[in-house]
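Chemist: Here is a sequence together with a model predicted from it:
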Amino acid sequence: MEFSVLIRQVEGAGFRASCNDLLPTSADGVTRAEALAKLRAEIERQMTGGIEVVRLRIDGIRPTATVWPDDEITSDWLAGISAARAEASDRQDPWDVPDTADPS
């Protein structure tokens, strides 16, 4: 299991490593390494206390924010998809044969 860990310097107190994904946990240390070591120990302690991590799917709920990463590569990729769709919409359908019969 992997957690995202936020490390920040706390003025006058060294560093704070915190993990708010599944276990709202944080640990302070004089050094970055000490804060991380204490956080690891606390997570391990909590995980041996009967905590179980499962995935839960709830159907019918749609995310309110984008699910795509917010980076330049993804932005360029999505822009390319949008441009290809616009180009395809502007092209005549190859199966759409114009009626050449004279109605008069």
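Modeler: Received, thanks.
Chemist: Give me the below-cutoff pLDDT ranges for the protein.
Modeler: Counting by pLDDT under 70, the chain has low-confidence residues at 1-4, 19-22, 49-58, 61, 63-68, 98-104.
Chemist: all strands of it, in order?
Modeler: When assigned using DSSP state E, the strands of the chain occupy the ranges 6-10, 14-19, 25-29.
Chemist: Need the contact partners of the longest one.
Modeler: Read it as strand 14-19. Strand 14-19 is contacted from outside by 3-10, 25-32, 34-36, 38-39, 43, using Cβ atoms under 8 Å, 6 or more residues apart in numbering. C-beta coordinates here come from the backbone N, C-alpha and C atoms, glycine included.
Chemist: Give the PyMOL command for selecting the buried subset of the residues you listed.
Modeler: Here is the PyMOL command that selects only those of those that count as buried (16 or more other Cβ atoms under 10 Å):
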select buried, resi 5+25+26+27+29+35+36+38+39+43
